[in-house]
Structures are given as structure tokens and as C-alpha cells.
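Chemist: Pasted the sequence and its predicted model underneath.
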Amino acid sequence: MEITITENYEEMSKVSAQIIAEEIRKKHNLLLGLATGDTPIGTYKELVRIHKEEGLDFSKVKSFNLDEYLGLAPLHKNSYNYFMWDNLVKHININPENVYIPQGNINDPEQFCRWYEEQIRKLGGIDLQILGIGSDGHIAFNEPGSSFASRTRIKALVEQTIEDNSRFFDKIEDVPRFAITMGVGTILEAKKILLIANGKKKADVCAKFIEGPVTSQITATALQLHSYVNVVLDKDAASKLKRTDYYNWVRDNKHLVQKEIGR
Ligand code: GLP
């Protein structure tokens, strides 16, 4: 894992958007895995800026979102479909036909999950997957205990996630108890992964998933098994890491690393 510690949320957003923009410039028809939550809002804003001011072209990009609440229609204001349109899709020149987001109110969600996996495979697999992290260490909605081999499926949310995400809803009872989510196995098949996190509330979980043992109880630790992961944190989220000096040295001497491994 390559760990980049930034000064604040704004810098985290800029650094992560640059990583994404660079991948799109290198491969115009990039298959981009998208995440929701508060964390990537700044990254998406910066991508919109790069699109508008520097002409970053999304016309051939295809996107696949990680997850969606089961039961919420795409137009529901708390759905991840709504979030994506509001924060990114409507501001850039991506073809709406190329935007794949699980549909929460689908008639047969299990069949949908199989179809979703098939589409990802058919289109060549995800090139770059963006991730946030839940306070219990989940990636997408892969709650503690999710198999590292899991695929897109329906997952019951744990109490902590329901509480965390209740801030977006009028009342906690409105938070759906289930979600459609890509599996840990699906995520691990992405060619590259970019995880972003900010704020003191993510410090414990970031220390655990970066420097702790691999365990399905913290599904983000599965990323230790992947060969190309970029983690971009702000100072607060990185505050409990033990090997900060090493990560900063690598960041400041990246030109040497790049020479060695050809990134
Ligand atoms: C949800 C999403 C995750 C996201 C997490 C963190 O549970 N399913 O994909 O990473 O929230 O959200 P936030 O960025 O708001 O802290």
C-alpha cells in the first residue's frame, strides 16, 4: 500500500482527484468504480473542476458504484443513485448509459446482483476502484465478517453503520437495514484501488486496516492482499499510524520509487 498523508480534507480531495484524472488521461475508456459518503464529495468537486477548467474527458468512461440501500428508488433523496447524480454525474460529460449503480427498488435483487457482476466482467473489469471506509472498517457495505471471497449481494447492515448513516435521514428508523453491495472479492479484482479517509473519527480504523492484522472483522484489511492500493488520508485520519515517518519519506522520495517499480 502506498500511503499519502495530506494536510487537510481539501488537499486529500485534490490529491485523490489528480490520481483519478491521471488514470482517465491514460485510458479514456477507464472503468471507474465509484463510492459514496461524505468523504469523496471533495474529490468529486475537484474532478468536476478539472473537467470544466482543464477539459478532462469522461465521454468514454464507464462507472460502477459500490452499493445502494435496498428498498430506495433511484430518485429517493437518500439513495446513492441520487447522491451520484447530484455530486458528479450531472456535472461531467459521462454518457448516462455508462453509469451503473445498483437499483435499490429492483424486483429481483438477487438476479440483479448476478447481472451486475456479469456486466463488470463483460466490460473488462474495474480499472480503478475508489473507496471510503466505514467506522467499523467496512468497504462498500461489507460489514465485519464478510467473506473476502464475497461477490455483489444483499448484506444486512450493522447497528453502528445504521447509526453512522442516520445523519443523512430524518430519523434513524428510516435507514434501510439492507443494502446491495459489491463483495470484498469483487473489489479485490479491481486493477487499482484508491481509498480515501479524513477526520479524527477514522483514525482508529485507519491504523487498524493499514498496520493491523488481516481479518474479515475489518473488511478493509483485505486491501493488504491487493498489489496496487493508494491510500490518501488527511492528517487527522492518519494520526494513529505508527509508521508515518516511513510513509512520508516514501512520498517525498517518490521519484526514486517510481524509477524502481515503473509506476
Ligand atoms: C457508507 C458507504 C461506504 C462509505 C462509508 C463511509 O457506509 N457504504 O462506501 O465508505 O459510508 O462514509 P463517509 O465517507 O460518509 O464517512
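Modeler: Received it, and whenever you're ready, just let me know what you need.
Chemist: residues in contact with Val15?
Modeler: Val15 makes contact with Thr4, Thr6, Val232, according to CB atoms under 8 Å, 6 or more residues apart in numbering. C-beta: built from backbone N, CA, C; applies to glycine.
Chemist: how about the first one, secondary structure?
Modeler: At Thr4 the chain is in strand, as set by DSSP: H, G, I helix; E, B strand; the rest coil.
Chemist: Excluding chain neighbours, give the residue nearest to it in space.
Modeler: Val232 (4.8 Å; CB to CB, 6 or more residues apart in numbering).
Chemist: Just the pLDDT for the single nearest residue of the stretch 101-250 of the chain relative to the ligand.
Modeler: With CB to the nearest ligand atom, the shortest gap between the stretch 101-250 of the chain and the ligand falls at Gly132, namely 2.6 Å. The per-residue pLDDT reported for Gly132 equals 98.
Chemist: Report how many residues lie close to it.
Modeler: When neighbours are counted by other CB atoms under 10 Å, Gly132 registers 21.
Chemist: Then His28?
Modeler: 11.
Chemist: Kindly report the same for Phe168.
Modeler: That count, for Phe168 with other CB under 10 Å as the rule, works out to 14.
Chemist: Distance-wise, check it relative to Ser79.
Modeler: 10 Å (CB to CB, to the nearest Å).
Chemist: for Ser146, same thing?
Modeler: Note on Ser146: its distance to Ser79, by CB to CB, is 22 Å.
Chemist: what do you get for Asn198?
Modeler: Distance from Asn198 to Ser79, counting by CB to CB: 23 Å.
Chemist: before we move on, the earlier item: so how far is Gly212 from the residue of the stretch 101-250 of the chain closest to the ligand?
Modeler: Distance from Gly132 to Gly212, by CB to CB: 18 Å.
Chemist: show me where the stretch 151-263 of the chain has helices.
Modeler: Ranges of helices in the stretch 151-263 of the chain, per DSSP state H, counting those that start in this stretch, are 159-165, 184-188, 203-211, 244-252, 254-261.
Chemist: so can I have TSV of the ones you listed showing mean neighbour count?
Modeler: Formatted as TSV, the helices of the stretch 151-263 of the chain follow (neighbours: other CB atoms under 10 Å):
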stretch	mean neighbour count
helix 159-165	16
helix 184-188	23
helix 203-211	20
helix 244-252	13
helix 254-261	10
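Chemist: hey, least reliable of the ones you listed by pLDDT?
Modeler: The weakest mean pLDDT among the helices of the stretch 151-263 of the chain belongs to helix 254-261, with a mean of 73.
Chemist: interface residues of the stretch 1-150 of the chain facing the ligand?
Modeler: By CB under 6 Å from any ligand atom, the part of the stretch 1-150 of the chain that sits against the ligand consists of Ala35, Thr36, Gly37, Asp38, Thr39, Leu66, Asp67, Gly132, Ile133, Gly134, Ala140, Phe141.
Chemist: In JSON lines: the residues you listed, plus secondary structure.
Modeler: Shown next, in JSON lines, are those (three-state DSSP):
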{"residue": "Ala35", "secondary structure": "coil"}
{"residue": "Thr36", "secondary structure": "coil"}
{"residue": "Gly37", "secondary structure": "coil"}
{"residue": "Asp38", "secondary structure": "coil"}
{"residue": "Thr39", "secondary structure": "coil"}
{"residue": "Leu66", "secondary structure": "coil"}
{"residue": "Asp67", "secondary structure": "strand"}
{"residue": "Gly132", "secondary structure": "coil"}
{"residue": "Ile133", "secondary structure": "coil"}
{"residue": "Gly134", "secondary structure": "coil"}
{"residue": "Ala140", "secondary structure": "coil"}
{"residue": "Phe141", "secondary structure": "coil"}
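Chemist: The residues you listed, buried ones only, as a PyMOL selection?
Modeler: To isolate the buried ones among these in PyMOL, judged by 16 or more other CB atoms under 10 Å, type:
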select buried, resi 35+36+37+39+66+67+132+133+134+140+141
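Chemist: List the residues that contact the closest residue to Ile5 other than its chain neighbours.
Modeler: Residue nearest to Ile5 in three dimensions, not counting chain neighbours: Ala238, with 4.4 Å by CB to CB, 6+ apart. Contact analysis of Ala238 by CB under 8 Å, 6+ apart lists Ile3, Ile5, Ala203, Cys206, Thr244, Tyr247.
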